[in-house]
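In: Take this sequence and fold it.
(chains A and B)
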Amino acid sequence: MKRRIRPLPLLALALLVTAFTFSAVRLFRAKTAAIVDPSIEVVRLAHWQLEPGVREAIDAIIADYEALHPKVRVEQMDIPGRAWKQWLRTQLVGGNPPDLIELASYENPDDMLARYFTPLSSYLAEKNPYNADEPDLRDKSWRESYAAELVPAPEGLGHYYNANLLEYYGAPSTLVTVRMFYNRNLIKAALGEDRVPRTFDEFVALCEALQRYAQESGRPIKPLGGSVFNITKLTDTLFSTVTQRLAIELDFGRNLEFSSHELQIKYMRGDWSLRSPAVRASLQTVEAFGRYLSPGWVQLGREDGMLQFLQGRAAMLATGTWDAGGILMQADFPVGAFKMPSFRRDDPKFGAATLGQVSEAATFAALPFGLTRASKHPERAIDFLRFLTSRRSNTKFSSISKWLPVIKGVPVPPDAEPFRPIVEGYVGGVNVRILGGTSNDAFVQNLHLLSGVNASADAFIDRLEPVADRSMPQEMARIARVNLTTLRQRDSVLAGLYFTRPPTGLARSKFDRLAASQLDSEAQRLQSLRTIEDYPAPVRRER
Amino acid sequence: MRFCLLGAALLLPPRAAATATETEGWQLLAGYLYRDAFEAFERAPAGSRARELGLAASLLNHPPVTGGKIATAEDRLRGLIAADGTDDTAMYARLLLARIAHLHREAPMPEIEAAYRDVLRADPRHPAAQIAASRLALVLLYQRPDLTVPQRLDQAAALADMAGAAALPEAACAYYRNLASAALFYEIRDDRVLAWLQQADAIGSEDPIVAANLRIQLAEVARQLGRRAEAVAYYRRFLASILPTDNRYLTARERMQELERTAP
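Out: Next up is the predicted model:
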């Protein structure tokens, strides 16, 4: 009897064989160096920076390193951002992760760092031998070779330091800022010259000129391109600038830093609302430029925004400088960049609560690589990391990737000059995009009300306010619950630190520092709970 | 070297290895690895008081955290105190019992206060008592709505001898900062707020962010209290020692200049 061949199982088998062969070839190629010559050390480093320029820059530095150390192979693994989380977990739990992995505080919780990564604090306190030829750096520690000396960042901001574990875990390579990228040809055609706006009014006038140019020339050009991702980059700056004086007034901690904790407590107490004049004015800034956005921009994805700009269909695009390499390499027109201009204090509509441009001093070093505990060649991996972040390599990294350098004395490439953080400026204000919880979603869902011909800040407030009123106490309670878990964990950790105290005693030890930090977190949590109890719903009164 | 420590510890002879395992347990616990720490303590020879404490401390966060594990940890800690209530281990056990009542079991307020006060009574000079006093201060500041705000502040401030002790300067600094923070939270503006910040500043912190925040708080609070000359001096100090990543320079300088312009 003749058996009938079923095509589906065959197809599945073929796919399986193909996938296996592909994986085997990749694996073989990756391991070849070490297999052929066991004396060769293989160091692998993984990141999710697929933006053009970054891989090329790291490849060039790897080539330099391998030339210096012929018995070492460094392999770069670029993993798409969408797959990163799952990939990272699998690698770490599987026990064979790359030696060096890019860190981000939102991807690497405390327990993950503690279990799978080696603290770098002691390494960073040593000199970087690859700066030995640099007279001004040779006697400094690796940490001090960084432009801002890797000052520990407030929680969640600097991914190289963990404030709970009180340790450095990463050595970073760059800085990122947000800029408005623009098509210089189009600006020149619209204005008659290549000139960037210095005030918000000039920015709106530029949008108007571009709109007029599009109509007159019959070209399908919109002044502003991008998606919600891009536009919120713009609104973050504007909201923060228009509300600076209000933030200083609401900052009950009196440290000139208006935290989300203070924002929530003051909202519940009724000391500010979405209808506060400064906040309302901040929303009206979107009204002012919203009509120059592409139709349907709320539905567009981040990639669509980039495509609009690169195809010359949008004259400007607000994005992070991580996209700079891609834009500069792919655009077939000259590209410029500027920081979104701020408002004058005498601006009749937006000036009442502004101080001026927000300072970018608090731009913390990014792209930090951490060392995995499972690394087979930890000292070699650290050596490569030192090489990667030496002055010479950071210069190369910056010039190829167009990303900002982070090591002292490394020149900013001319193309990246507009991305340099502008330190001169004031503290930021209230940003209603990030009220927390469902308010954040409601902000995005209703953003369209702030753009178009019928743009209305009041209509937007009418939609967002009830959501914010409901979600604010819920969000405070949620954060308090999350913090409770951390506080409970620290009780165990403190016991561990107490019984492993250094011979020098407890004073200023990790135990002392963590006990102090726990007290701060616990107080903040109790302030939130006290507020929710005293003000179960936001009070409607304004000063 | 660093990578060989653990391996070397495991290769030591049996008696030393037992000690090493206990040490390993504490090290794992200090590194947020509760399950591993618990297993290390379990492997250590029974009978040691430190081992018992280690088991209880790691059980508090041994995943999955359950009420049963918390209760077991409490039993172990109570057992330790009952056997000998005078040593270092017993003092730390008392602190953990208070923390369990406060955060892990969220017991009624009187029980929490009593647990903290038990630590203070047992040995007020012990570091565990310093920690307990500062946590009790928070209970009084935020979890006793039956007290008026001035009473909350007074009672928390009355713990200064213990909570502000020199044994743990960072914790003492945090205690004074948090007294000031509570007053500011309750919108109390009086000289005590500045005094608490000054005490915190005198003790100092090695955390550069904490130290910078303290300096600007001193300036801003002195300004609020109308103590212009002091405020200007504090602003100057803040500006002179500003961190490269601090975005408050221009704002602080302008506020200082405003004060200077309005000087009588």
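
In: tell me which parts of the stretch 101-250 of chain A are close to chain B?
Out: By C-beta under 8 Å from any C-beta of the partner chain, the residues of the stretch 101-250 of chain A that approach chain B are A:110-111, A:114-115, A:118, A:122, A:147-149, A:151-154, A:164-165, A:248. No exception for glycine: its C-beta is placed from N, CA and C like everyone else's.

In: one more time with 7 Å, if that's ok
Out: For the stretch 101-250 of chain A, the contact set with chain B under C-beta under 7 Å from any C-beta of the partner chain comprises A:110-111, A:114-115, A:148-149, A:151-154.

In: any idea where the helices of the stretch 1-150 of chain B begin and end?
Out: B:5-10, B:14-30, B:34-43, B:49-59, B:67-83, B:88-99, B:109-122, B:127-142, B:149-157 (DSSP state H, counting those that start in this stretch).

In: Make CSV out of these and add mean pLDDT and distance to residue A:418.
Out: Below are the helices of the stretch 1-150 of chain B laid out as CSV (pLDDT from 0 to 100; distance: least, C-beta to C-beta, whole Å):
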stretch, mean pLDDT, distance to residue A:418
helix B:5-10, 39, 48
helix B:14-30, 74, 45
helix B:34-43, 95, 48
helix B:49-59, 97, 52
helix B:67-83, 98, 56
helix B:88-99, 98, 52
helix B:109-122, 98, 56
helix B:127-142, 98, 47
helix B:149-157, 98, 50
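
In: So in chain A, which helix runs the longest?
Out: Assignment by DSSP state H gives helix A:457-498 as the longest helix of chain A.

In: what about it and chain B, any contact?
Out: Yes. Using C-beta under 7 Å from any C-beta, helix A:457-498 reaches chain B at A:484, A:487-489, A:491-493, A:495-498.

In: quick check, residue A:111 in a helix?
Out: Yes. Counting by DSSP: H, G, I helix; E, B strand; the rest coil, residue A:111 is part of a helix.

In: What strand or helix carries residue 187?
Out: I'll assume chain A. If you go by DSSP states H and E, residue A:187 is part of helix A:184-191.

In: Mind pulling the model confidence for the closest residue to residue B:168 other than its chain neighbours?
Out: Closest residue to residue B:168 apart from its sequence neighbours, by C-beta to C-beta, 6 or more residues apart in numbering or on different chains: residue A:512 at 4.5 Å. pLDDT, residue A:512: 98.

In: Now do the same contact list for residue A:512.
Out: For residue A:512, the contacting residues are A:506, B:168-171, by C-beta atoms under 7 Å, 6 or more residues apart in numbering or on different chains.

In: From the recorded domain assignment, give the ranges for chain A.
Out: A:33-175+A:366-403, A:178-267+A:277-359+A:422-469 (automatic domain parsing).

In: for the helix holding residue A:187, what is the average pLDDT?
Out: Helix A:184-191 comes out at a mean pLDDT of 96.

In: what does the stretch 51-200 of chain B have sitting close to chain A?
Out: That would be B:57-58, B:60-61, B:92, B:96, B:99, B:103-104, B:127, B:131, B:134, B:138, B:142-143, B:145, B:167-171, B:173-175, B:178, B:181, B:184-185, which are the residues of the stretch 51-200 of chain B within reach of chain A (C-beta under 7 Å from any C-beta).

In: what about burial for those residues, which qualify?
Out: Neighbour counting with 16 or more other C-beta atoms under 10 Å in any protein chain shown marks B:57-58, B:60-61, B:92, B:96, B:99, B:103-104, B:127, B:131, B:134, B:138, B:142-143, B:167-171, B:173-175, B:178, B:181, B:184-185 as buried within those.

In: ok, the contacts of residue A:512 vs residue A:422, which is closest?
Out: residue B:170 (34.4 Å; C-beta to C-beta).

In: unless I'm mixing things up, that closest one is touching residue A:516, no?
Out: Yes. With contact defined as C-beta atoms under 7 Å, residue B:170 counts as touching residue A:516 (4.0 Å).

In: Any chance of the backbone angles for the one residue in the stretch 151-300 of chain A that gets nearest to chain B?
Out: Closest to chain B within the stretch 151-300 of chain A is residue A:254: 3.9 Å, counting by C-beta to the nearest C-beta. Taking degrees, to the nearest 10, you get phi 50, psi 50 for the backbone angles of residue A:254.

In: So what's the residue count around the nearest residue to residue A:290 once chain neighbours are set aside?
Out: Excluding the flanking residues, the one nearest residue A:290 by C-beta to C-beta, 6+ apart is residue A:451, at 2.9 Å. By other C-beta atoms under 10 Å in any protein chain shown, the residues close to residue A:451 number 22.

In: Quick check: residue A:451 vs residue B:163, distance?
Out: Note on residue A:451: its distance to residue B:163, by C-beta to C-beta, to the nearest Å, is 54 Å.

In: likewise residue B:152?
Out: Computed as C-beta to C-beta, the residue B:152 to residue B:163 distance reads 15 Å.

In: Quick check on these two: which one has the bigger neighbour count.
Out: residue B:163 (29 against 24).

In: what sits against the more buried one?
Out: B:130, B:133-134, B:137, B:172, B:175.

In: let's see 6 Å
Out: When contacts are counted by C-beta atoms under 6 Å, 6 or more residues apart in numbering or on different chains, residue B:163 is found next to B:133-134, B:137, B:175.

In: Which residue, neighbours along the chain excluded, lies closest to it?
Out: residue B:133 (3.8 Å).

In: okay, now the one you found: neighbour count?
Out: 26.

In: Was I right to think it contacts residue B:162?
Out: Yes. Residue B:133 is in contact with residue B:162 according to C-beta atoms under 6 Å; the separation is 3.8 Å.

In: So, low pLDDT: which residues of chain A?
Out: Residue ranges of chain A with pLDDT under 70: A:1-5, A:8, A:19-20, A:22-36, A:155-156, A:541-543.

In: likewise the stretch 101-250 of chain B?
Out: If you take pLDDT under 70 as the line, the stretch 101-250 of chain B has no such spans.

In: for the residue in chain A positioned nearest to chain B, what are its contacts?
Out: In chain A, the residue found nearest to chain B is residue A:496; the distance is 3.1 Å by C-beta to the nearest C-beta. The contact partners of residue A:496, by C-beta under 6 Å, 6+ apart, come to B:26, B:29-30.

In: rewinding a little: tell me the buried residues in the helix holding residue A:187?
Out: So, applying 16+ other C-beta under 10 Å, buried residues of helix A:184-191: A:186-187, A:189-191.

In: Could you single out the nearest of these to residue A:367?
Out: The closest of the buried residues of helix A:184-191, once distances to residue A:367 are taken by C-beta to C-beta, is residue A:187, at 30.7 Å.

In: What is the neighbour count of the residue lying closest to residue A:147 once chain neighbours are set aside?
Out: Leaving aside its chain neighbours, residue A:147 sits nearest to residue A:408 (5.2 Å; criterion: C-beta to C-beta, 6+ apart). By the criterion of other C-beta under 10 Å, residue A:408 has 18 neighbours.
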